[in-house]
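Asker: dropping the sequence and predicted coords here.
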Amino acid sequence: MKKILVLTILLFSIQSFSQENNDCDERALPYWAYEINSQIKGENPALRKAFKEIQSSETEIEPSCGFITLRLNISKTGELCDIETFQIDKNYKSTVFNNGQLIKELEQIAIGLTDWERDKDYKTYNLIRLKIKNGRIEEIF
Amino acid sequence: MKRFFKIFGYIVGAILVIAIGFGIYLYFWNEDRIEKSKELSERIESFESKDSDEYMEYSVHLNKAGDFESGFKYLNKAVELDPKLHLGYRGWIRLRKMRDYDKALEDFDRLDSLTPNFVDAPWGEDIDFLRGECYFGKKEYQKAIELFNRNILNQKEDWADVQSSVYLGLCEYELGNYEKAISEFERALKQSEYVPESFYGMAKAYQKLGQIEKAKENILKAENNTHYKRDDVYNEFLNEIYMSEIQEFKQQLNNK
């Protein structure tokens, strides 16, 4: 009986050590669900400040009109897990702005955003939306 | 005593049987639910469904999550099947989630033409208010004024969205009509005394008129009433105000 007990404890210990506790592996709940209310500290003005430089420097974006969405998956502790991106033209069809260079630069800026706050500790995602018009980033929200 | 344990045993046994039975029922119910949901998804994704609501509902989570290419594939189908029912929602999504003002206006105008002598309310908001917001976003302020005024006329002064008057103030401000802007912001405050957007707008208009003390007075009111601001966890409004911006402007005024 004692041997079985020791064996069980041993097995449980091994099991617990082998499980890597990664917050990013959890399923992301939408930002609007369960009153998570996830947002960047300083809200959208803080986002606009972060993207201000690229907004004024990029003046000849190709194609010249469309929409970019950055979906930032953020762990329950506020750590950025990964970024999914969506680039569409004015007819909402997939496109690539500036041959893929623009999205790389936008991702780099998004990675630098670290002050994510939320009311409830769940893994969630936040969206950063950019509207491209006449070759420029017209709106960020 | 023996009899007591026997009865107790029967009760526990019965409870266990019921619990196991319920568990099995739940398992199969859930399996069935998953199967049905899978079938529904397949029917929608292959465009076999003839029910416009199914396409519209399927598009919701995609658009809310920022995947507009996929979301609009299904929402467009919903509009194709029943334009009167879904044009308003599509326009609303285009305005609030994408800020695609031109296409939102196309949807609202088409809906309006399909429903003569009827004031539509896409997603619960007055169509002229939404069209006003589109023109405000396009920076066509004169046209926006026309639409916001039409909304107030349709809904009656006390029942119209208080933000109509705020937008009117903002449009006048953008056109450089600062005194008229103040009177529109005051109009909103007559409807409700807690409209921080109006106080903020008035502070900015008074600053432009060089009346710094009045500007300071209003920026303080905006600061104290920020918790009443128009807010929506899903979307940022075009005229949304933020505490950080109010405080920044207050600092500017105090430095004068």
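Answerer: Alright, I've got the coordinates.

Asker: contacts and neighbour counts: CA atoms only from here.
Answerer: Fine.

Asker: quick check: residues of chain B near chain A?
Answerer: Neighbours of chain A within chain B, by C-alpha under 8 Å from any C-alpha of the partner chain: B:65-69, B:72, B:98-99, B:233-234, B:236, B:242, B:244-245.

Asker: pick out the residue of chain A closest to chain B.
Answerer: A:Y92 (5.3 Å; C-alpha to the nearest C-alpha).

Asker: which phi and psi does that residue have?
Answerer: Backbone torsions of A:Y92, given as degrees, to the nearest 10, read phi 70, psi 30.

Asker: list the contacts for the nearest residue to it once chain neighbours are set aside?
Answerer: Distances taken as C-alpha to C-alpha, 6 or more residues apart in numbering or on different chains put B:E69 closest to A:Y92, at 5.3 Å, once the chain neighbours are dropped. B:E69 makes contact with A:88, A:92-94, according to C-alpha atoms under 8 Å, 6 or more residues apart in numbering or on different chains.

Asker: out of these, which are inside helices?
Answerer: Of these, none are assigned to helices by DSSP state H.

Asker: filter those residues down to the buried ones, ChimeraX style.
Answerer: Buried subset of these, written as a ChimeraX selection, criterion 16 or more other C-alpha atoms under 10 Å in any protein chain shown:
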select /A:88,92,94
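
Asker: could you list which of the contacts of B:E69 belong to strands?
Answerer: Judged by DSSP state E, those include A:I88 as members of strands.

Asker: and the most centrally placed residue in chain A, what are its phi and psi?
Answerer: Nearest to the geometric centre of chain A sits A:L72, at 0.8 Å (C-alpha atoms, centre = their mean). Phi and psi for A:L72, reported as degrees, to the nearest 10, are phi -100, psi 120.

Asker: verify the stated contact: it with A:F86.
Answerer: No - counting by C-alpha atoms under 8 Å, A:L72 stays clear of A:F86, with 11.5 Å between them.

Asker: so B:Y173 sits right up against B:Y206, yeah?
Answerer: No - B:Y173 lies out of contact with B:Y206 (C-alpha under 8 Å); the separation is 10.4 Å.

Asker: so which bits of chain A are right by chain B?
Answerer: By C-alpha under 8 Å from any C-alpha, the residues of chain A that approach chain B are A:30, A:32, A:37, A:42-43, A:45, A:67, A:69-71, A:86, A:88, A:92-94, A:127, A:129, A:131, A:141.

Asker: sorry, back to before: need the residues of chain B next to chain A in JSON lines (columns: pLDDT).
Answerer: As requested, these are arranged in JSON lines below (pLDDT from 0 to 100):
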{"residue": "B:A65", "pLDDT": "93"}
{"residue": "B:G66", "pLDDT": "94"}
{"residue": "B:D67", "pLDDT": "96"}
{"residue": "B:F68", "pLDDT": "98"}
{"residue": "B:E69", "pLDDT": "97"}
{"residue": "B:F72", "pLDDT": "98"}
{"residue": "B:M98", "pLDDT": "97"}
{"residue": "B:R99", "pLDDT": "98"}
{"residue": "B:V233", "pLDDT": "79"}
{"residue": "B:Y234", "pLDDT": "82"}
{"residue": "B:E236", "pLDDT": "93"}
{"residue": "B:Y242", "pLDDT": "95"}
{"residue": "B:S244", "pLDDT": "93"}
{"residue": "B:E245", "pLDDT": "95"}
